[in-house]
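Asks: Following is a predicted model, sequence given first.
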Amino acid sequence: MKRLTIVLDGIADRPQQILGGKTPMEAADTPALDRLFKISKPGTVQTIPKGMEIGSAVANMSLMGYDPSRVYKGRAVIEAAGAGIPVRQGDLYVRCNFVTLEGESFDTSVMQSYSAHDIETALSRPLVEMLNKEVFRPPFKLINTDTFRNILVVEGMASAAEQLKFMPPHDMIGGNVADFTKGGGIIADYFDMMRKAYEVLREDNDSRANAIWFWGASYAPSFGPASEERRVVLAETTLMRGIAALSGADCITTCEEKGFAAFLEEKKENAVAAVKEYEDAYIHIQKLDDLSHERMIAEKKAAIEGIDRYFIQPFFEKIEAPYSAVIVSDHYTFSDSGGHGGEPAPFMLLGHGQARPPGRFTEQWCRESGSVMTARGLVNALRGKI
């Protein structure tokens, strides 16, 4: 039987005042999702193991059936693999955003934008070249992957990863830089590199990127031997391409170049074709998480409606039963603060009988089902093992 996992990244949220006290899921008009809910077994799933980083990397590893407490070694190495950067045992990989700080100096500033106001790749790459000349020396090398995203590769320094605990910049919008640059030892050296980069970028820069921010320090993981069953990941982010590459799965990328509706149409066609070819299709849609981080509440509601209309409805009209499927939020992403939440996230399991639950596909109705599963339990249910 075909297995389908559809991850609506960060769709789960909390009630928002501008939506009349409803969550974006509750406020959105989603007839296709709601029809599927009526023939599903809904519940909530704990995708973030206790004490682990709350984010898409850990959550999606969990939903793919891996134990992130064993295989997750940090975010940057995953994005390095997704960007085609060679991953070598023993090297350190650190995520590095171009950001915009507001203030008179690095230490008195606040985080204004975690993406340097969506700096374009064409502007990012010259800045990386400049920083590699004026800030970084071997064994350090900064590599731009796209737009505001960079990876700092440090040869032979994998052992330093556990000492480099940085706050993700999207979780500190409006926060004081000084509150997040405390600590001695090796991490102090990285804070000094950020200070030096700030002095370089603020002096000679045609963009709004006046600083860099490190986070997600990591080293090469081991996912173990690849499964004998063919799996494909449908992704648009470097992170998901990296998980696919490191886990040995094939990957199909869809890019949003002609608007969100056109993107969803193309993604739907790619997903339908993938289901015909592969036993296991892991379909990841990123947009809702991005809108939440940017605190675009009304736009998130509209995007949920777009996913329902242009992806969910036509996709399920085209695929043939029997199949086992789950539609799930990998984690909560709060569109009022831009931060993540690690509480059990809503899901609905399809292809396992018609439970006919009351309600519709929302956080509250999934909670009220009373079913709270581990990620491993949900994956086993998807595979028909329980």
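Replies: Looks like it arrived, so ask away. None of the values given here were measured: they were computed from a predicted structure.
Asks: okay, CA-based contacts and neighbour counts for the rest of this
Replies: Will do.
Asks: Ramachandran coordinates for the residue nearest the centre of the chain?
Replies: Geometric centre of the chain, nearest residue: Ser56, 3.7 Å, by C-alpha atoms, centre = their mean. The phi and psi values for Ser56, taken as degrees, to the nearest 10, are phi -70, psi -30.
Asks: what sits against it?
Replies: Asp9, Asp330, His331 (C-alpha atoms under 8 Å, 6 or more residues apart in numbering).
Asks: now do Glu79
Replies: So Glu79 contacts Ile151, Thr238, Leu239, Met240, Arg241, Gly242 (C-alpha under 8 Å, 6+ apart).
Asks: count of neighbours near the last one?
Replies: A count of neighbours around Gly242, defined by other C-alpha atoms under 10 Å, yields 26.
Asks: try the fifth one
Replies: Neighbouring residues of Arg241 were enumerated by other C-alpha under 10 Å; the total is 26.
Asks: do the same with the fourth one
Replies: Applying other C-alpha under 10 Å, we find 26 other residues in the vicinity of Met240.
Asks: Regarding the spatially closest residue to Ala321 that is not a sequence neighbour, what are the backbone dihedral angles?
Replies: Spatially, and ignoring its direct neighbours in sequence, Ala321 is nearest to Gly351 (8.0 Å; C-alpha to C-alpha, 6 or more residues apart in numbering). For Gly351, the backbone dihedrals (degrees, to the nearest 10) come out as phi 90, psi 10.
Asks: Could you double-check that Gly351 sits in contact with Ser40?
Replies: Yes: counting by C-alpha atoms under 8 Å, Ser40 is a contact partner of Gly351 at 7.5 Å.
Asks: So for the two, which residue has more residues nearby?
Replies: With neighbours defined as other C-alpha under 10 Å, Gly351 and Ser40 compare such that Ser40 has more, 24 against 18.
Asks: ok, Ala345 - how many residues close by?
Replies: Neighbourhood size, Ala345 [other C-alpha under 10 Å]: 26.
Asks: ignore the last one, Lys38
Replies: That count, for Lys38 with other C-alpha under 10 Å as the rule, works out to 19.
Asks: Let me see the confidence value for the closest residue to it other than its chain neighbours.
Replies: In space, and not counting its chain neighbours, Lys38 is closest to Arg356: 4.7 Å by C-alpha to C-alpha, 6+ apart. We note a pLDDT of 80 for Arg356 in this prediction.
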